[in-house]
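Colleague: Compute the structure for the input listed below.
(4 chains)
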Protein chains: 2
Amino acid sequence: MTQQVEATRRVPLSRDRVLAAAVELADEVGIESLSMRRLAQELGVVPMALYKHVANKDELLDGMVDAIIAEIDPPVRDAGWKRTVRLRVLSARRALLRHRWARRVLESRTSTTPAVLGYMDSFMGMFLAGGFSVDLTHHVMHALGSRMWGFTQELFDDPANGNFADMAPDAQAAMLSEMAERYPNILKVATAASHDDGSVVGAGCDDQFEFEFALDLMLDGFERLHGQGWTSEKPAGGAAEE
Amino acid sequence: MTQQVEATRRVPLSRDRVLAAAVELADEVGIESLSMRRLAQELGVVPMALYKHVANKDELLDGMVDAIIAEIDPPVRDAGWKRTVRLRVLSARRALLRHRWARRVLESRTSTTPAVLGYMDSFMGMFLAGGFSVDLTHHVMHALGSRMWGFTQELFDDPANGNFADMAPDAQAAMLSEMAERYPNILKVATAASHDDGSVVGAGCDDQFEFEFALDLMLDGFERLHGQGWTSEKPAGGAAEE
DNA sequence: CTTGACAAGTGTACTGCGTACACCTACTGT
DNA sequence: ACAGTAGGTGTACGCAGTACACTTGTCAAG
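Modeller: Coordinates of the predicted model:
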């Protein structure tokens, strides 16, 4: 009987099982609470057992990111570059939103795993296939930056707003009048962004709208540059120096 | 005599001294090596002494960020909004580049200290003063995102390139041919970006150029939208739902 | 000059982390 | 039947942040 129990759980660990469990755990408790010990416990195993499948925690994080990247849809076929890029970014965004920790990990990772490189490569491919010069593609990639992954640095994070909502009404009023005095512009902009909804910062705005607004702004800019055959005029030559 | 020594070092700690030392230490050894213990040691004091001046490490980091923000120049006067914004961002960029750890801390911080709010407020003020609608200003702020602080997520970080440079020539060749096979687009773009210089990724490109390229692309986009009186057409009403 | 209060600095100790290293164990191919 | 090995275990180390009780230095009031 114990044999059976053991037989049931004796599905041996594997790199994939470890990564999957890590992703799930991070989804549940947040990346900051994901420790090797906690993960091991979740898998019913002693912490050091994990090290037979991942070299260390950094590699674990890399693997988790790779798993998320695998969720991104491949480029659609036979659409113009703009639509292809747009859809791909939005697909990446959906994947990253399913795993909210992924943004931070991706940002903090200096690493370039094969999955990351593969995504970037195929991303550049979309522009090149659209007739962009290698030169322009390069700058475009830099300009997109992390927006290629479907996210932007949030202006305010939820907590600030959460705190506000949790405050006593009079404290809210006090804070509001203090803000009106010290940060009049923020207040103006924030309240305009949230007529019907009582919140002041952040929550009043539609992140998805903001993201697409900025993405389209950039894509339009790229289109314009491409249309006018833009080239970075580098200082002619350069062999002269040194 | 020991008295004198003590008298000399008896310049008492203060929040400002702690923050200044923390900034300096982070500049020297990197943010990941900045621990309360290490900082205390640097100040010739026992770790717990710091807690008389900062509540905890998070507050220390917040304070450090605030100190960097204080280094950003105020907006220039009597220039158009575009030039004003541009110069301000580039000033922020200079400050952040003087303290390379600041980018990460700013990114990871969910907090909104008065200094952060103040900067944002004055930033919005530049657009509003330029005649932007509150609405457009709002979206523009989101679109800028962390570029407002003068940085972008780097595509590749130095390490990858550093490793490559440190490799044996034949290993380099092997890696190159492997990359040509698996990431042909990356290779194309990267090599084009670094004709004269031997490196393959990252180092070949001029970060400052890339940053300004993207910044100007966005500012031009904003200008265009502003010129045509852009408004986000929100779904009329909304009170109907709930 | 004493005193006593309060701010600044100290010492010790706790918990949790990542992970090195030596060990055991159960399955595999010969 | 047995040796080799991959996978799991147990113990232990150093480093982190910080709670809590303590001493010390300084200065105002009696």
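
Colleague: ok, and the helix or strand in chain A with the lowest average confidence?
Modeller: Scoring the helices and strands of chain A by mean pLDDT, DSSP states H and E places helix A:2-9 at the bottom, with a mean of 39.

Colleague: Residue A:77: how many residues sit nearby?
Modeller: Per other Cβ atoms under 10 Å in any protein chain shown, the neighbour tally for residue A:77 reads 6. Every residue, glycine included, has its C-beta placed from N, CA and C.

Colleague: and the gap between it and residue B:223?
Modeller: 36 Å (Cβ to Cβ, to the nearest Å).

Colleague: thinking again about what came up before, next secondary structure element downstream of the least confident helix or strand of chain A?
Modeller: As assigned by DSSP states H and E, the chain's next helix or strand after helix A:2-9 is helix A:15-29.

Colleague: quick one, domains of chain A?
Modeller: A:12-54, A:73-150, A:158-192 (automatic domain parsing).

Colleague: longest helix anywhere in chain A?
Modeller: helix A:207-227 (DSSP state H).

Colleague: Which positions within that helix qualify as buried?
Modeller: For helix A:207-227, the neighbour count (16 or more other Cβ atoms under 10 Å in any protein chain shown) marks A:207, A:210-215, A:217-219, A:221-222, A:225-226 as buried.

Colleague: Number of residues surrounding residue A:63?
Modeller: Neighbour number of residue A:63 under other Cβ under 10 Å is 21.

Colleague: Find the nearest non-adjacent residue to it, please.
Modeller: Closest residue to residue A:63 apart from its sequence neighbours, by Cβ to Cβ, 6 or more residues apart in numbering or on different chains: residue A:19 at 4.6 Å.

Colleague: residues touching the one you found, list them.
Modeller: Going by Cβ atoms under 8 Å, 6 or more residues apart in numbering or on different chains, residue A:19 touches A:54, A:60, A:63-64, A:66-67.

Colleague: how close does it sit to chain B?
Modeller: 22 Å (Cβ to the nearest Cβ, to the nearest Å).

Colleague: cool, and residue A:216?
Modeller: Counting by Cβ to the nearest Cβ, the gap between residue A:216 and chain B amounts to 9 Å.

Colleague: Could you tell me the model confidence score at that residue?
Modeller: Per-residue confidence (pLDDT) for residue A:216: 97.

Colleague: now residue A:139
Modeller: Looking at residue A:139, the pLDDT reads 95.

Colleague: Now name the helix or strand holding it.
Modeller: Using DSSP H and E, residue A:139 maps to helix A:134-144.

Colleague: any idea how far the most centrally placed residue in chain A lies from DNA strand C?
Modeller: Compute the mean C-alpha point of chain A, and by Cα atoms, centre = their mean the closest residue is residue A:103, 3.3 Å away. Distance, residue A:103 to DNA strand C, by Cβ to the nearest atom of the strand, to the nearest Å: 19 Å.

Colleague: The helix or strand hosting that residue and chain B in contact?
Modeller: For residue A:103, the host element (DSSP H and E) is helix A:101-108. Yes. Helix A:101-108 lies within reach of chain B by Cβ under 8 Å from any Cβ of the partner chain, at A:104, A:107-108.

Colleague: If you rank the contacts of residue A:19 by neighbours, which is first?
Modeller: Using other Cβ under 10 Å as the neighbour criterion, residue A:64 leads the contacts of residue A:19 with 26 neighbours.

Colleague: thought that residue was touching residue A:105?
Modeller: Yes. Using Cβ atoms under 8 Å, residue A:64 is in contact with residue A:105, at 6.7 Å.

Colleague: Sketch out the low-pLDDT regions of chain A for me.
Modeller: Within chain A, the stretches with pLDDT under 70 are A:1-10, A:111, A:157-163, A:165-166, A:194-204, A:234-242.

Colleague: Let's see that with 50 instead.
Modeller: A:1-9, A:159-161, A:202, A:237-242 (pLDDT under 50).

Colleague: Grab the CA positions of stretch A:22-30 and hand them over as PDB.
Modeller: Only the C-alpha atoms of stretch A:22-30 are listed here, as PDB (Å, rounded to 0.1, in the frame of the first residue of the first chain):
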ATOM      1  CA  ALA A  22       7.800  26.400 -10.800                       C
ATOM      2  CA  VAL A  23       5.700  28.300 -13.300                       C
ATOM      3  CA  GLU A  24       2.500  27.100 -11.600                       C
ATOM      4  CA  LEU A  25       3.900  28.000  -8.200                       C
ATOM      5  CA  ALA A  26       5.000  31.500  -9.300                       C
ATOM      6  CA  ASP A  27       1.500  32.000 -10.800                       C
ATOM      7  CA  GLU A  28       0.000  31.200  -7.500                       C
ATOM      8  CA  VAL A  29       2.200  32.800  -4.900                       C
ATOM      9  CA  GLY A  30       4.200  35.300  -6.900                       C
END
